[in-house]
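**Q** need coordinates for the following:
(2 chains)
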Amino acid sequence: MKVHVNTFANLRDYAPAGGGSGEVALADGAGVADLLAALKIPAAVQAVILVNGRRSDAATRLNHGDEVTLFPPMEGG
Amino acid sequence: MYGWCGKVLRVDLSRGSITSEPLDPQVARDYIGGRGFGIYYLRREVDPRCDPLGPGNKLIMAAGPLTGTAAPTGARYVVTTKSPLTGAITCSNSGGNFPAELKKSGHDALIIEGASTRPVYLWIDGDRAELRPAEHLWGLSTHAADDALRKETREKAKTAVIGPAGEKQVLFAAIMNDRDRAAGRAGVGAVMGAKKLKAVVVHGEGEVALADPGAFKAANAKYRDAFKAKTRDNPPPLRTHGTAITVVGTQSHGVFPTRNFQQGTFEGWESIYGETLTRKYLVRAKPCFSCPIACGRVTRIPDGPFKGEGEGPEYETVYALGSDCGIDDLAALTKANYICNELGLDTISMGSTIACAMELFEKGLLKESEAGLPVRWGDGHALVALTRMTGMREGFGDILAEGSLRLATRYGRPELAMVAKGLDFAGYDPRGEQGMGLAYATSPIGGSHMRGDPAYFELLGVPVPADPHTWEDKPPLVAKWQDLFGVIDAAGLCVFFSVRYLVEQNLMVKPVGITELLNGATGAGYTPEEVETIGERIFNAERLFLLAAGFSRTNDSLPPRITREPMPAGPARGMVCRLEEMLVPYYRLRGWSPEGVPSEAKLGELGLLSNLKARE
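**A** Have a look, this model is predicted:
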């Protein structure tokens, strides 16, 4: 299956294909943890994870066509 | 005293007199400072039913015990007064260098009362203070006034000034310090203008004395080291891109207010958010006093119709002057931000009022002949023109200067003002962020995000995430955070560092780090529990002022767009804010009656009962 990934700020360093966003192919049944591993995001790098606009975490299961957004925790405006 | 200077300056503008008063050590302990001192003096000295623009109102400018120390973000002061925009209390908070300078001059707070017949400014040079004529400064922009004032006092002096908007009593005029930092909300600048006080200029060379320098230094090093360790792998987005990076969080959750809160997603968001600002216009990041984050933005628009330079925009400005007006032109909204800074206007209420005018125009209720120009969604030239006209009260700007609620009421549609208690919302739509709805509705100053900001845990994952769509769990969280923010505002710290590093890392935040720093500075020997209770005391004292000013449960409300019109699209599609379901348990756990009145038992517990009776 494929998911669409958007990355922001320092998480762009781990974007699937430059430019900050792109498709990532994962095995069927994969979850957010598999995606983070595929993107090679180190454990020390913190990310807020949204799947289709809803807060998620490493345990969240993914489905084909999901939109995943990754941005650093921020201290608001 | 340690941490505190022990001195309050009382400035009577009617008599032209200045007196120095000792700070009562018990008041210092019970209210900490900043916002705490603000509500203490306001309740004791100001009739809640007074005319906000009359001589009976007072402006209380107060720093905290950590202001001017090496504590991370120890840069803040709070301006407390009765708001001319809302009739409620307002307490607006700002950083920069002016607040630390006030402490270095040996003062914890200024109480400014009465009104002058002629323009004056207050010049504080260490121990000496005087009122000086300011006719020659009246009419100057905030930047020109800052230049002139430092020339005629000391080049190194720090200023807090009003611009033409404050002089003309635009109801959401700001007090600008260090040129581009704003105590922005609910018209503190209009109160200063009504008193004919153009500026407070301060210079000081003292240092804030610390009760236990070793303990203070150790606590300071611990939290600064934690910040450094975390930021090695996680460069702080607020430093790299400024607060405008927050658009990513609000847009992705579908709560980025768009076209006067008709939508929660903005199709043009990528043109106006933090990374675009960095790429196109950022000159450098600018920290406030003692701040390791440096979220401030010095920017420059090199060419085109909106050419200019200055500071900003912050996230709230990007929402208010951007998406909320349908504006995807970053240069236009940045230019409008510069004008707000120079004329002395709150960018949030300015944008929200123009957004309201745009909706009235698009609905055919406001005619071009009345406005003097077409006021269409997305028109950057109209945005810039209307901002300038409002600050100068020219043409239709004279009507916009009264704010969104009076504007919408004038056209028979008060529900189109996106306000709580008459104060315009910050940049978070409560339909997709339930806790924010409760926070807006119960904030003592009205629609502010800075009275216990749920966006941290609902959207931004700080210190840990909570689901923004649930409402059942929000009353205790919002109450807890409201009290915590009272503590941060009293201590003289900035929330950006505090909510990440100076609290326990869970949702039921406990101000552990803040307490360590307060104790090192003041020697008060606070426990975190006692400090939390002070936050609750401040919040309840503000509530008492609000009730005495004539507000009631019916004012703890949100517009029908938020509570009855489902969000049309995006991740929060179909949702409304479940305010009523949250209010009942919220009042109960606060120890308030079903009418939202603090019980005698709660007031007794907080030491507010005798205080109240003494005044009556």
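
**Q** low-confidence ranges in chain A?
**A** A:18, A:75-77 (pLDDT under 70).

**Q** and it, which residues reach chain B?
**A** Contact residues, chain A versus chain B (CB under 8 Å from any CB of the partner chain): A:6, A:8-10, A:42, A:44-46, A:48, A:50, A:52-55, A:69, A:71-77. Just so you know, the C-beta spots here come from the backbone N, C-alpha and C atoms, and that holds for glycine as well.

**Q** A:R12: what's it in contact with?
**A** By CB atoms under 8 Å, 6 or more residues apart in numbering or on different chains, the residues touching A:R12 are A:G20.

**Q** which SS class is it?
**A** Judged by DSSP: H, G, I helix; E, B strand; the rest coil, the three-state class of A:R12 is helix.

**Q** now it: how far from A:A47?
**A** Distance from A:R12 to A:A47, counting by CB to CB, to the nearest Å: 12 Å.

**Q** pick out the residue nearest the middle of chain B.
**A** Closest residue to the average C-alpha location of chain B: B:S92 at 4.1 Å, with CA atoms, centre = their mean.

**Q** wait, what's in contact with B:E516?
**A** Contact partners of B:E516, counting by CB under 8 Å, 6+ apart, are B:A215, B:A219, B:K222.

**Q** which of those residues sits closest to B:P133?
**A** B:A219 (45.5 Å; CB to CB).

**Q** what about that closest one, distance to B:A71?
**A** Distance from B:A219 to B:A71, counting by CB to CB: 8 Å.

**Q** ok, B:V247 next?
**A** Distance of B:V247 to B:A71, computed by CB to CB: 30 Å.

**Q** for the stretch 201-350 of chain B, what lies in contact range of chain A?
**A** B:233-238, B:240-241, B:243-246, B:248-249, B:252-254, B:274-275, B:293, B:314-316.

**Q** in PyMOL, how would I select just the buried ones from these?
**A** Command for PyMOL, covering only those of these found buried under the criterion 16 or more other CB atoms under 10 Å in any protein chain shown:
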select buried, chain B and resi 234+235+236+237+238+240+241+243+244+245+246+248+249+252+253+254+274+275+293+314+315+316
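
**Q** sort out for me which of the residues of the stretch 201-350 of chain B next to chain A are in helices.
**A** B:233, B:237-238, B:240-241, B:248-249, B:252-253, B:274-275, B:315-316 (DSSP state H).

**Q** B:T387 touches B:A357, doesn't it?
**A** No: using CB atoms under 8 Å, B:T387 makes no contact with B:A357, being 11.5 Å away.

**Q** circling back to that earlier point, helix, strand, or coil at the residue nearest to the centre of chain B?
**A** strand.

**Q** the residue in the stretch 51-200 of chain B that chain A sits nearest to: what's it in contact with?
**A** Per CB to the nearest CB, B:T73 is where the stretch 51-200 of chain B lies closest to chain A, at 10.4 Å. Residues near B:T73 by CB under 8 Å, 6+ apart: B:G95, B:C288, B:S290, B:C291, B:P292, B:I293, B:L493, B:C494, B:F496, B:F497, B:S498.
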